[in-house]
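> what's the 3D shape of this:
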Amino acid sequence: MTAGGPILVIDTATTHAVIAVGAPDGSLLEARTWVAGYRHGEELLERVGALLRDRGLAPAALGGLVVGTGPGAFTGLRVGIATAKGLAHALGLPLAGVPTGAALLDAVAGAIEVDASAVVLLQPAGPSDRVETRAGGPPRILPGGTDPDLAPDETLVAVDLDDRAPAGAVALGEVARDGLARALLAAGARRLAAGDADDLARLVPEYVTLPRGVRSAPLDGGVELSGGAPRP
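Coordinates of the predicted model:
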């Protein structure tokens, strides 16, 4: 590891994969995103390698990694976090996990100049359910047909919900997505600078959907139902 070296960011919690390189102070050097759908594993490592090569960086020159922890679907999160953990272990790098939902809230709040506590994020949780994220609280599943209970001063933001959320919320979701890399980097860089790296064995994703045939998550993350019961 190079002390004070650049930070690599990886996020696969949404249908748009994100990778970025930033300075140790949290300033963004370059971000790249692509529509991965639910096939994140097919291109992630190749694109990370291309980004580092184009920046003239050897993996050994990195100073740390940041990875988005969700909420998100099983396959995408599993690929991104496993990749980040593998790189951190192989290169001896500190790794900071940052909730993707919180970073999306920060990104859109900064863009529209409101406090993140006044923003409510919606993401898909399977074909009918949605997951709601608010600043400072755990993600919660909203069963199909249930809408978030918004206060008059709250703003709704929807990511990956083009046909399942109001058009204004979907448009703000694109704003949030555009700022995701920068928000993840800023939060992760603060943690790494403070020496607050995650234990690789304990860093877990926040799943909202599991593969067909899987009935429960293996004690490695999840979200709450809107009634407060854990989602399997």
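
> and Thr155, how many neighbours?
16 (other Cβ atoms under 10 Å). To be clear about C-beta, it is placed using only N, CA and C from the backbone, and glycine gets the same treatment.

> residues touching the closest residue to it other than its chain neighbours, list them.
If you skip the residues right next to it in sequence, Thr155 has Val119 as its closest partner in space, 5.1 Å away by Cβ to Cβ, 6 or more residues apart in numbering. When the contact criterion is Cβ atoms under 8 Å, 6 or more residues apart in numbering, the partners of Val119 are Leu105, Val108, Ala109, Arg134, Ala135, Glu154, Thr155, Val157.

> kindly report the same for Thr83.
Ile10, Leu44, Leu45, Val48.

> what do you get for Ile112?
By Cβ under 8 Å, 6+ apart, the contact set of Ile112 is Thr155, Leu172, Val175.

> mind checking the SS state of the second one?
Recorded secondary structure, Leu172: helix (DSSP: H, G, I helix; E, B strand; the rest coil).

> would you mind measuring from it to Val120?
Taking Cβ to Cβ, to the nearest Å as the measure, Leu172 and Val120 are separated by 10 Å.

> between the two, what contacts are shared?
Overlap of the contact sets of Leu172 and Val120 (by Cβ under 8 Å, 6+ apart) consists of Thr155, Leu156, Val157.

> distance-wise, check the first one relative to Pro71.
When Cβ to Cβ is applied, the distance between Thr155 and Pro71 equals 19 Å.

> what of the last one?
Distance check for Val157 against Pro71: by Cβ to Cβ, it reads 14 Å.

> shouldn't Asp160 be in contact with Pro124?
Yes. With contacts counted by Cβ atoms under 8 Å, Asp160 reaches Pro124, the gap being 5.2 Å.

> for these two, indicate the residue with more neighbours.
Neighbours per residue (other Cβ under 10 Å) separate Asp160 from Pro124, with Pro124 holding more: 23 against 19.

> give me the mean pLDDT for the helix or strand where that one lies.
Element membership for Pro124, per DSSP states H and E: strand 119-125. Within the predicted structure, the mean pLDDT of strand 119-125 is 96.

> what does stretch 158-166 give?
When pLDDT is averaged along stretch 158-166, the result is 95.

> Provide the contact partners of that stretch at residue level.
Applying Cβ under 8 Å, 6+ apart, the set of residues contacting stretch 158-166 is 14-15, 104, 121-124, 130, 156, 169-170, 172-173, 176-177.

> of the contacts of Thr83, just the buried ones, PyMOL syntax please.
Listed next is the PyMOL selection for buried residues among the contacts of Thr83, using 16 or more other Cβ atoms under 10 Å:
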select buried, resi 10+44+48
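
> just the contacts of Thr83 now: which is nearest Ala181?
Within the set of these, Ile10 lies nearest Ala181; the separation is 9.8 Å, counting by Cβ to Cβ.
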